[in-house]
Structures are given as C-alpha cells and as structure tokens.
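Colleague: Sequence and predicted model, in that order:
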Amino acid sequence: MSNAERQLMMTTTAVADPSEAVPAPSPVPPSPTPPPIPAALEAVLRRMRFPYLRQAAPEVLATARSQRWDPAEVVRILLEEEIKGRDEATRRNHRQQAQLPSGKTFDSWREADSSIPAPRPSRP
C-alpha cells in the first residue's frame, strides 16, 4: 500500500462514536504563563493603586526581558495599560451612574410621545 493510499484511508475513515474523537493539536502552542512579579513590586503597585498596571506587568516584564527592551519603553507600555484600564473603568462607571434605559436607540424614537417641544422655525 502506498503512502497516498494510506493517507486517503486515514482521512476518509469515519469515527463511530464522536466521544472517541481526539481533537487535533492546536497549530500554535499556548504561551507559557509569565512568572509573577516580585512581592515588593506588587506591594508598591497596590499602594500606588495601579491595578491595571499590576495585571499587565508579568506578561510585559517577561516579554521585555526576553526581547531586551529599553527600560523607558517598559515603563511607557505599563503606564499606557494603566491609562487604558482607567479610561474603560471610567466609561463603565459613567454609563452605570447615568442609569440610561437599556435597549433605547434613536431608531425607536417616537416624536409624538416625546415631551420635548418641537423646534420653532428660524427666521431668516
């Protein structure tokens, strides 16, 4: 039996029970978990109230170490993560505090039901 015939048999063989099917291996291996940041650094980040920087730090520091980044670049990236996280949290809080009704869109607007007076025609 040739290689081509064996490959054809392997690809066309039906699996009797789906629970017996073995999942194909992922083409990209999962990235290893970065080492945790040192306890002293974590304490400082907690004290300074940098939760988003603290969350991103292990991965960024591992990448920086392996790619030999400039220290200023590491600080810039970590601070950008903190800013991005704070901006998202602010938007989330503002939306929650606004207590806007969910599901309302401009498409569902009915002018006849509105208590807002119609605009007056402007004079030339």
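Modeller: Sure thing, it's come through. Please read these numbers as outputs of a predicted model, since none were measured by experiment.
Colleague: okay, CA-based contacts and neighbour counts for the rest of this
Modeller: Noted.
Colleague: Could you list the low-confidence segments of the protein?
Modeller: In the predicted model of the chain, residues 1-26, 28-30, 124 satisfy pLDDT under 70.
Colleague: where exactly do the helices run in it?
Modeller: Secondary structure of the chain by DSSP state H: the helices cover 3-12, 39-47, 51-67, 71-98.
Colleague: tell me the most buried of these?
Modeller: helix 51-67 (a mean of 17; mean count of other C-alpha atoms under 10 Å).
Colleague: what's the residue closest to the geometric middle of the protein?
Modeller: residue 85 (10.7 Å; C-alpha atoms, centre = their mean).
Colleague: Would you check how far apart that one and residue 52 are?
Modeller: Separation of residue 85 from residue 52 (C-alpha to C-alpha, to the nearest Å) stands at 6 Å.
Colleague: got it, and residue 70?
Modeller: Residue 70 is 21 Å from residue 52, by C-alpha to C-alpha.
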